[in-house]
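> Here is my input; please provide its structure:
(chains A and B)
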Amino acid sequence: MSSGGGGPSAHEALRERAAHGPALVRGVGFVVDADGEATQARRPVVALCRCEASARRPWCDGTHKRLV
Amino acid sequence: MRIPTPCGPVSQAVHDHLDSGAPLPDLPAAPEPTSRDHALALWMLHELAYRGFDGVDPDLEWSPDVLRLRNRLNRDLEAWLRQAFATSTLPRTVTGLVDADGDLPGVARFVRERATADDVRRILVQRSVYHLKEADPQCFVLPRLEPAAKAALTELQYDELGDGDPARVHQHLFAEAMAAAGLDPTYGAYVDEADEETLTLNNAISLLCLHRRLRHAAAGHLAAFEATSALPSADMVRGLQRLGFSEPVWRYYDEHVEADAVHEHLARDICDLVTGGDPELEREVVFGAFVCIALEERCARRLVPEPVPA
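Below is the predicted model of the structure:
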């Protein structure tokens, strides 16, 4: 993941991603992250975190709203 | 559920009408939508459309006398809400209302930071009046929508109602939370304890969802409700864990963190689909969102004690 760094440009990038909110996806069985770890989807529509600030990745937990 | 205990002349008259068929009187001309007596009377009349009451004739739901009084109380409530909307300084968009809600000191932050276990039980008792019928009112909206909006609302409701798994129906999760917190999980168990603010919030949802004319406002209410839920639900989880409540108590809120992060987007889509960009209908959507934010804030003011100055 590339969310580290903490310089002004990293913050700007985070805000930019947060402003878009999550990606809503339908018909997902599993989400597999970069390390190969799979998380099962339990609902027909899921909101995938795009800002990388969610405490429940891969799912959105609304945290992006506190970043913009 | 038994018929609630009356608290004034109008709720007494409704109680007696449901209990023994005593005639319903005409109301005085002056509306009192925020008296607990009127709010409880309207709550009882609405409840005939949901689960009804033990031993009460189910046909009373459509009795002309019941409808006449229900219409009058609903008119009083709607007029009060429209007036509050017209004079409110809150923002005039759904997004603005949702953002404004995030700045208000709500129940969830209180639970996260400083509520006691008794405060939490008091809050759960008030919340139970809605959460034990959560998503039921919006089911009445479905047949009134065109296919695109209907499909979108169904998608949201399917998730509210457990995605086909009875154990995940949100009402059921809340009943489990009540029981695990040492409270009565029975539907309607705490209506006698419900504050006027709680009854009015519930009545407003029924008002919007049981009237086809108000379906756009019902969509706006849902959008605001869902969009102000995910982050506060996470605060509730933290507060309940801080106080040592067991997993079934916080599971209901834990489920809402992820669920409502999805639902808020679905509900916004529903609003766009029901209005089709018509400015007049968009104002109705905003009115519904206002009703949600304003009445939740009213409940929060009742439930959250002022912080003791340091």
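
> pLDDT value on residue A:3, please?
pLDDT, residue A:3: 46.

> and the gap between the closest residue to chain A within the stretch 1-150 of chain B and residue B:214?
Of all residues in the stretch 1-150 of chain B, the one sitting closest to chain A is residue B:102 (7.3 Å; CB to the nearest CB). Placement of C-beta: from N, CA and C, glycine included. Noted for residue B:102: a distance of 26 Å to residue B:214, by CB to CB, to the nearest Å.

> Comparing these two, which shows the higher neighbour count?
When residue B:102 and residue B:214 are compared for neighbours, residue B:214 comes out ahead with 22 against 13, by other CB atoms under 10 Å in any protein chain shown.

> Find the nearest non-adjacent residue to the more buried one, please.
residue B:208 (4.7 Å; CB to CB, 6 or more residues apart in numbering or on different chains).

> Distance from the helix or strand that contains the residue of the stretch 1-150 of chain B closest to chain A to the middle of the chain?
Per DSSP states H and E: residue B:102 is located in helix B:94-103. With CA atoms, centre = their mean, to the nearest Å as the basis, helix B:94-103 stands 18 Å off its chain's centre.

> residues near residue 37, how many?
All of this refers to chain A. With other CB under 10 Å as criterion, residue A:37 counts 10.

> Please refer instead to chain B.
Count around residue B:37 with other CB under 10 Å applied: 18.

> related to what we said a few turns ago, going by neighbour count, list what's buried in the helix holding residue B:102.
Buried residues in helix B:94-103, defined by neighbour count with 16 or more other CB atoms under 10 Å in any protein chain shown: B:94, B:97, B:98, B:100, B:101.

> wait, isn't the last one in contact with residue B:228?
Yes: look at residue B:101 against residue B:228 with CB atoms under 8 Å: they come within range, at 4.7 Å.

> Quick check: neighbours shared by these two?
Counting by CB atoms under 8 Å, 6 or more residues apart in numbering or on different chains, the shared contacts of residue B:101 and residue B:228 are B:293, B:296.

> The helix or strand hosting residue A:24 and chain B in contact?
Element membership of residue A:24 [criterion: DSSP H and E] is strand A:23-26. Yes: residues of strand A:23-26 are located near chain B by CB under 8 Å from any CB of the partner chain, namely residue A:24.

> Quick check: end-to-end length of stretch B:199-219?
Stretch B:199-219 has an end-to-end distance of 20 Å (criterion: CA to CA, to the nearest Å).
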